[in-house]
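Chemist: Below: sequence and its predicted model.
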Amino acid sequence: MIRSYMTDNREIRTLLSPQPGSWIRLTKPTENEAQNISSDLDIDPQDLLAAADPEEKNRIELLDGYTLVIIDIPAEEIRHEREVYTTIPLGIIMTNDYILTVCSEETSILQRFADGKVKDFSTKKKLRLIYQIMMVTASKFQEGLRDIDRHRQMIEEDIGSKTAESDLIGLHELESTLVYFATSLRGNANVLNRLTRYERIEQYPEDRELLDDVIVENQQAVEMTEIYRGIIDSTRDLMSTILDKRLNNVMKILTSITIILAIPTLISGLYGMNLNSAGMPLSSSVHGFALICIGIAVICGVLAVVLRKLRML
């Protein structure tokens, strides 16, 4: 899908076709769409479709006639029947007259610009637009991190009798997401640092202040990621300890029951042996069976009390 936008007097409007000074937004571009745009703007189709590759790395390249910037943005996907966060590439191409964004799916980050919700947004100030996209991206990462922490807190509240293996799987998914976030944020930081080194890229005086703010927000997201990873590690260790303790308690109870049941089994086994009845205690008594059962019950009761004092029951 190809959409074009242009800002005039701080108002954004949709264009029927790209014009100099406009923003061209490509979402899930087909080969025909990519070929048309690349031929019109003299851009290599491979560079145009680079962001469609989920394994594409964050980078910036100064090419003949245009500049290619690829960053990572947060997105959502279904993994193990759970809705989780992931990261996808976003390609930004600056030419002399246009700025293009290429993404493999619809994203709320770019939609905010299309809806005119970003302050001081101008399609003509291309480098500032890149900084603004990265600022919104950093904010989106932080929003995702806070959502991840809320999910962790929900799992942590159930620690105890409700703790299940599914909670451990949920923590693993959250930790995997934080790994993706950390890698992407570091890659975005490298892109930001490299953007400041190129004199060929036009910068307005106020862009430097915006760049500093973006770097701070991105670094804050990196720090939040590391903090939440540490908290999730601690939570997972606690859950594993609780599950192990629960298993140990079950094993202790089963062991104690086995010990208690061993007494009647032993006595009944002795009396079940093919021996002379004269040599077996109470074998000739009318109440022998009842007395033996009472004796077994007393022994088992005493044993149960002893095991309870030893915290085996």
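Modeler: Received, thanks.

Chemist: Neighbours of residue 186, how many?
Modeler: Neighbours of residue 186 under the rule other C-beta atoms under 10 Å: 14. Placement of C-beta: from N, CA and C, glycine included.

Chemist: surely it meets residue 219?
Modeler: No - Residue 186 is not in contact with residue 219 according to C-beta atoms under 8 Å; the separation is 10.1 Å.

Chemist: what ranges of the stretch 151-300 of the chain fall below the confidence cut-off?
Modeler: Along the stretch 151-300 of the chain, the parts satisfying pLDDT under 70 run over 160-165, 198-204, 274-279, 283.

Chemist: at 80 instead, please
Modeler: Counting by pLDDT under 80, the stretch 151-300 of the chain has low-confidence residues at 155-170, 195-208, 236, 238-243, 246, 268-289, 291-292.

Chemist: All the helices of it, residue numbers only.
Modeler: 165-195, 205-271, 288-309 (DSSP state H, counting those that start in this stretch).

Chemist: Tell me which of the ones you listed is the most buried.
Modeler: Mean neighbour count (mean count of other C-beta atoms under 10 Å) peaks for helix 165-195 among those, with a mean of 18.

Chemist: Give me the residue at the spatial middle of this structure.
Modeler: Nearest to the mean C-alpha position of the chain, by C-alpha atoms, centre = their mean, lies residue 177 at 2.4 Å.

Chemist: which SS class is the residue nearest to that residue when sequence neighbours are not counted?
Modeler: Spatial nearest neighbour of residue 177, chain neighbours left out: residue 85 (4.6 Å); criterion: C-beta to C-beta, 6 or more residues apart in numbering. Of the three states, residue 85 takes strand according to DSSP: H, G, I helix; E, B strand; the rest coil.

Chemist: I'd like the distance between residue 85 and residue 72.
Modeler: 12 Å (C-beta to C-beta, to the nearest Å).

Chemist: Turn the helices of the stretch 151-300 of the chain into TSV, columns for distance to residue 152.
Modeler: Shown next, in TSV, are the helices of the stretch 151-300 of the chain (distance: least, C-beta to C-beta, whole Å):
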stretch	distance to residue 152
helix 165-195	6
helix 205-271	6
helix 288-309	38
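
Chemist: So for residue 21, which of those sits nearest?
Modeler: helix 205-271 (17.3 Å; C-beta to C-beta).
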